[in-house]
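K.L.:
What follows is a predicted protein model with its sequence.
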Amino acid sequence: MTTIRKHLLTAFAALSVGALSIGAHAQSTSQPQAPEGRYSHAEHQQKRAEFAAKRAEAAARRAAKLHDELKITPAQEAAWNAFVASMKPAARHAGGQRPDRAAWASLSAPQRMEKHIEMQKRRTAAMEQRLGALNSFYAVLTPEQKKTFDEKAVRLQGHFGKHRGMRGGWQQRGDGDTARG
């Protein structure tokens, strides 16, 4: 009988110590903390700005490299500048502000689909403008320049004006750029 009593007291003491340690831990961490690796809104905005600056810098380097490879003449410079300007990404959500998450969630399924179609129409219009600038620029190139441009165009379209997100793109690199953009 005394052996059972000793085992029960030992088990009770162990459970009591465990319960007290859990209670003490709960009191010491009562303040909610952000998970590791998460940024505050201000930090997130700063990271986005830094990333955008790196993308713009990388795009400028690639444009300068292509300019040199194409051997753009002074007569072609205006068309080149118009082309490069048209390929820069538009301001985020240009042509209409996307509703916040709560407003978006309050829309019905057909209304959300209509909003998606409107956004796609804006993207298509922007691409059509880029195509116009591309055609104007392409028309002033010599046959040799057109050949060089055609070889580089696949990579160029992936770098200028296409939102690829943080994961990067599928285009093959080869210029040694480490910045995504």
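P.N.:
Sure thing, it's come through.

K.L.:
Which parts of this protein are strands?
P.N.:
For the chain, strands defined by DSSP state E do not occur.

K.L.:
low-scoring pLDDT stretches of it, where are they?
P.N.:
For the chain, the stretches flagged by pLDDT under 70 are 1-9, 11-37, 90-99, 154-181.

K.L.:
Now the phi/psi pair for Leu141, please.
P.N.:
Main-chain dihedrals, Leu141, degrees, to the nearest 10: phi -80, psi 150.

K.L.:
Report the contact partners of it.
P.N.:
Leu141 sits next to Leu70, Gln76, Phe149 when contact means Cβ atoms under 8 Å, 6 or more residues apart in numbering. Where C-beta positions appear, they are placed from N, C-alpha and C, glycine not excepted.

K.L.:
rerun at 10 Å
P.N.:
Leu141 makes contact with Leu70, Ile72, Thr73, Gln76, Ala79, Trp80, Lys147, Thr148, Phe149, Asp150, according to Cβ atoms under 10 Å, 6 or more residues apart in numbering.

K.L.:
Ala64 now?
P.N.:
By Cβ under 10 Å, 6+ apart, the neighbours of Ala64 are Val84.

K.L.:
Fine by me, thanks again.
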